[in-house]
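[1] With the input below, show me the fold.
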Amino acid sequence: MKQWLVIFAASAALVCGVLSGSTNVNAAGPGDGQAQPSSKKFRVVFHVTESNPQKWNIVLNNVANVQHDLGKDNVVIEIVTHGPGIDMLKAESKVGPRLAQALDDNVVLAACENTMRNAKVTKADMYAGISYVPSGVTHIIQRESEGWYYLRP
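    Numbering: from 1, shown residues only. Here you go, the predicted structure:
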């Protein structure tokens, strides 16, 4: 009798899920380890203030992992930097090839214009293809108020 109740409960849960049309974005796809498609995209803002290539490689690894796990089409990612972190978005960045890959993967790399102005850095000094925000901190606050996930690796 107990076994039939368990089977009934599992069947009812499955039917309710199918009838509601819900899609589990955390469930693995058929054999690929990818998330199921979702009409809602995850939005993630990474916050980096360090001018350390090792730290940036960790962040860029995290970004690649998020895109792999959730599916590139299911996530929007920004990396916002200010303070000393701005150095890693300069044209001569030690992580330049990784920045190129991130840009190719539609990751927004955003530099704080306040920091640039204070450090006397111009857009001509920066890595090609990056984005700019007037204030890195304010941009992050705005993203959080819009429901973005905040990560500071």
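[2] most centrally placed residue in this structure?
    The chain has residue 77 as the residue nearest its centroid, 3.2 Å off, counting by CA atoms, centre = their mean.
[3] Make sure it is indeed in a strand.
    Yes: under DSSP: H, G, I helix; E, B strand; the rest coil, residue 77 sits within a strand.
[4] Go ahead and confirm it touches residue 107.
    Yes: the pair residue 77 / residue 107 is scored as a contact, 4.9 Å apart, by CB atoms under 8 Å. Glycine gets a C-beta too; all of them are placed from N, C-alpha and C.
[5] so what's in contact with the two at the same time?
    Common contact partners of residue 77 and residue 107 (CB atoms under 8 Å, 6 or more residues apart in numbering): 63, 67.
[6] Can you give me the distance of the nearest residue to residue 55 once chain neighbours are set aside to residue 124?
    Spatial nearest neighbour of residue 55, chain neighbours left out: residue 48 (6.9 Å); criterion: CB to CB, 6 or more residues apart in numbering. Distance, residue 48 to residue 124, by CB to CB, to the nearest Å: 22 Å.
[7] out of those two, which sits in the more crowded spot?
    The residue with more neighbours, out of residue 48 and residue 124, is residue 48; 26 against 6, by other CB atoms under 10 Å.
[8] quick one, what contacts that one?
    Contact analysis of residue 48 by CB under 8 Å, 6+ apart lists 55, 56, 59, 79, 80, 81, 85, 88, 152, 153.
[9] Lowest-confidence one in those?
    When the contacts of residue 48 are sorted by pLDDT, the bottom entry is residue 153 at 90.
[10] got a list of what that residue touches?
    By CB under 8 Å, 6+ apart, residue 153 lies in contact with 46, 48, 55, 58, 59, 62.
[11] Can you check the residues you listed and name whichever has the most neighbours?
    Neighbour count (other CB under 10 Å) singles out residue 48 as the most crowded of the contacts of residue 153, with 26 neighbours.
[12] Report the beta-bridge partner residues of it.
    Counting by DSSP bridges, residue 48 is bridged to residue 81.
[13] Going forward, the N-terminal residue is numbered 59.
    Sure thing, new numbering starts at 59, so read that last one as residue 106.
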